[in-house]
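Trainee: Sequence first, predicted coordinates after that:
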Amino acid sequence: AQKVTQAQTEISVVEKEDVTLDCVYETRDTTYYLFWYKQPPSGELVFLIRRNSFDEQNEISGRYSWNFQKSTSSFNFTITASQVVDSAVYFCALSESNNNDMRFGAGTRLTVKP
Amino acid sequence: DVKVTQSSRYLVKRTGEKVFLECVQDMDHENMFWYRQDPGLGLRLIYFSYDVKMKEKGDIPEGYSVSREKKERFSLILESASTNQTSMYLCASIGGGLGNEQFFGPGTRLTVL
């Protein structure tokens, strides 16, 4: 079965600092999908990005960027010039090719202080 | 926009009560999921359903059951609530093929006294 590890339980930074959230995954599938979700204090999970296992191209979206490396089974998420509104719990998740059920990491709570 | 709604944001029940958590999605999605979220453990999959009247156990099904009589509705049932079922419960749905993102409801925070 698939497994996702987010080793960082909590991270605290000061506004405008860059921060990287780590995600390491395990799967025996050669085709799989990786996701990042944001859970703000309101509680509802918000989808941020999806990557399939054949697409190792890194992606940048504004202040957000994602680094997918199959060689190290990692899918890390970087926020550049962090803002207070980035404060949330961030979840990394994995689904395999034969089903749609998703496995989540334990989450990383990011606090950005003014 | 996909909308996933859950019947209650907050719920307080007593030990031994039967509890129903309802989830409705409005985008004709085939797949629906129930998770519980606990600090330090992330989201853990309780049950999921890929079609009406179909259900599959997730990682922590003990103490729970589900019902999917209509495509848009997926219910989570606690037959006899216990204090260790105090948690945040999240419902999600997904449509289309494999690898699509899940859409989540706002969650139900259940407290069992």
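Mentor: Cool, got the structure.

Trainee: Could you pull up the residues touching residue 63?
Mentor: Here I'm looking at chain A. For A:Arg63, the contact set (C-beta atoms under 8 Å, 6 or more residues apart in numbering or on different chains) comprises A:Ile79, A:Thr80, A:Ala81, A:Ser82, A:Gln83. Just so you know, the C-beta spots here come from the backbone N, C-alpha and C atoms, and that holds for glycine as well.

Trainee: was after chain B, sorry
Mentor: If you count contacts by C-beta under 8 Å, 6+ apart, then B:Gly63 has B:Leu78, B:Glu79, B:Ser80, B:Ser82, B:Gln85 around it.

Trainee: Distance of it relative to chain A?
Mentor: Counting by C-beta to the nearest C-beta, to the nearest Å, the separation of B:Gly63 from chain A is 19 Å.

Trainee: Which residue would you name as the spatial centre of chain B?
Mentor: B:Trp34 (2.8 Å; C-alpha atoms, centre = their mean).

Trainee: one step back: among the contacts of A:Arg63, which ones are buried?
Mentor: Burial of the contacts of A:Arg63 was assessed by neighbour count (16 or more other C-beta atoms under 10 Å in any protein chain shown); the buried members are A:Ile79, A:Ser82.

Trainee: Chain B: which of the contacts of A:Arg63 is nearest?
Mentor: Here the nearest of those to chain B, counting by C-beta to the nearest C-beta, is A:Ile79; it sits at 19.5 Å.

Trainee: out of everything not next to it in sequence, what's closest to A:Leu110?
Mentor: Spatial nearest neighbour of A:Leu110, chain neighbours left out: A:Ile11 (5.2 Å); criterion: C-beta to C-beta, 6 or more residues apart in numbering or on different chains.

Trainee: oh sorry, the question was meant for A:Asn52
Mentor: Counting by C-beta to C-beta, 6+ apart, A:Asn52 lies nearest to A:Tyr33, which is 5.3 Å off, once chain neighbours are set aside.

Trainee: is it true that the one you found touches B:Gly99?
Mentor: Yes. Using C-beta atoms under 8 Å, A:Tyr33 makes contact with B:Gly99 at a distance of 4.0 Å.

Trainee: so what's in contact with these two at the same time?
Mentor: Going by C-beta under 8 Å, 6+ apart, residues that sit against A:Tyr33 and also against B:Gly99 are A:Arg50, A:Asn52, A:Ser95, A:Ser97.

Trainee: and A:Ile60, what are its bridge partners?
Mentor: On the basis of DSSP bridges, A:Ile60 is bridged to A:Ser65.

Trainee: measure stretch B:48-67 end to end?
Mentor: 10 Å (C-alpha to C-alpha, to the nearest Å).

Trainee: which residues does residue 108 contact?
Mentor: No chain was given, so I picked chain A. By C-beta under 8 Å, 6+ apart, the neighbours of A:Thr108 are A:Gln6, A:Gln8, A:Thr9, A:Glu10, A:Ile11, A:Leu21, A:Asp22, A:Val89, A:Tyr90.

Trainee: wrong one, I was asking about chain B
Mentor: With contact taken as C-beta under 8 Å, 6+ apart, B:Thr108 is in contact with B:Gln6, B:Ser7, B:Ser8, B:Arg9, B:Tyr10, B:Leu11, B:Leu21, B:Met88, B:Tyr89.
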